[in-house]
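Whatever this is, show me its structure:
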Amino acid sequence: MKPFLIVILAGLAAATCACSSSGTAARPAHTVTITAHAAASRSVAPAPHPSPPTSLVAASCQTSHLSASAGAPQGYRSGLQLVITFKNTGTAACTLHGWPHVWQSTGPPADAIGHPATAGPVPAPTVVTVPPNGTASARLQIEDSALYPARICVPFKATSLAVVPPGEIAARHISFGSTACKGNAKLLTVTAVVQGSGG
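Residues are numbered from 1 along each chain as shown. Purely as a prediction, here's the structure:
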């Protein structure tokens, strides 16, 4: 082969290689960029403790939904004491708070004799929830009328106790014989109501 043909063929081969290389280099590579987003931090506040619905708070006990009874009297240093028990005869729980109003009476018709009971200092009053058929009670003390002079106490026979539950105005009448005073003597002392029938 002649020398000038060899030179031409070599040139063509170099050009072909250069074109092939340049074609490959010109093709851009596809780059995928993934950006990771950090999860936003969340502060979880503690759940509040909701107040109980108003509908769950028991209403005050009404006289019409309570029965009243007196326990056996017990003697003490200057008279006698007994437990007055209230029973919830209704179909829903109710509450009692404070002291019942109590006085000696005759009847029927029921006539009050003397002064109503004084509120005793012990125990301190608390709200007592009484379920259906449940009970609450208070302790009543009746001083001996013979301890008072005639100028402030004229003895009089009482045949019942009139008892008004705390917060009510209607009374329940319990058959109970005792000696009352017509005059200024105050014979009765009653405690605030407590849970159960123990007074």
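
what about stretch 189-199, start to end distance?
13 Å (C-alpha to C-alpha, to the nearest Å).

and that stretch, which residues are buried?
Going by neighbour count (16 or more other C-beta atoms under 10 Å), the buried part of stretch 189-199 is Thr189, Val190, Thr191, Ala192, Val193, Val194, Ser197, Gly199. No exception for glycine: its C-beta is placed from N, CA and C like everyone else's.

Would you mind pulling the contact partners of that stretch?
71, 83-86, 96-100, 102, 117-120, 122-126, 128-130, 135-141, 143, 166 (C-beta atoms under 8 Å, 6 or more residues apart in numbering).

ok, of the residues you listed, which come out buried?
For these, buried by 16+ other C-beta under 10 Å: 71, 83-86, 96-100, 102, 117, 120, 128-130, 135-141, 143, 166.

From these, which land in helices?
Judged by DSSP state H, helices contain none of the buried ones among the contacts of stretch 189-199.

Tell me where the model's unsure across this structure.
Residues of the chain meeting the criterion pLDDT under 70: 1-57.

can we see that at 80?
1-57, 107-110, 199 (pLDDT under 80).

Now do the strands in it.
59-60, 66-70, 74-76, 79-88, 94-97, 101-106, 111-113, 118-119, 127-130, 135-143, 154-164, 172-182, 188-190, 194-195 (DSSP state E).

Export the buried residues of stretch 189-199 as TSV, with columns for distance to Thr63.
Output for those, formatted as TSV (distance: C-beta to C-beta, whole Å):
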residue	distance to Thr63
Thr189	22
Val190	16
Thr191	19
Ala192	18
Val193	14
Val194	19
Ser197	18
Gly199	19
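
and of those, the nearest to Pro155?
Within the buried residues of stretch 189-199, the smallest distance to Pro155 is 18.5 Å, found for Thr189 (C-beta to C-beta).

hey, what's the closest residue to that closest one other than its chain neighbours bridged with?
Closest residue in space to Thr189, ignoring its immediate chain neighbours: Gln141 at 4.5 Å, by C-beta to C-beta, 6 or more residues apart in numbering. Counting by DSSP bridges, Gln141 forms beta bridges with Gln81, Thr189.

who touches Gln141 in this structure?
Counted by C-beta under 8 Å, 6+ apart, Gln141 has contacts Tyr76, Gly79, Leu80, Gln81, Gly120, Leu188, Thr189, Val190.

Quickly note the distance from Gly71 to Ile84.
Gly71 sits 8 Å away from Ile84, going by C-beta to C-beta, to the nearest Å.

now Ala146: how far from Thr126?
Applying C-beta to C-beta, the value for Ala146 to Thr126 is 36 Å.

again but with Lys157, I slipped
In terms of C-beta to C-beta, Lys157 sits 36 Å off from Thr126.

go on, His65?
From His65 to Thr126 the distance is 20 Å (C-beta to C-beta).

what do you get for Gln104?
27 Å.

same deal with Val102?
Distance from Val102 to Thr126, by C-beta to C-beta: 19 Å.

got it, and Ser160?
Taking C-beta to C-beta, one finds Ser160 at 29 Å from Thr126.

This completes my enquiry, with thanks.
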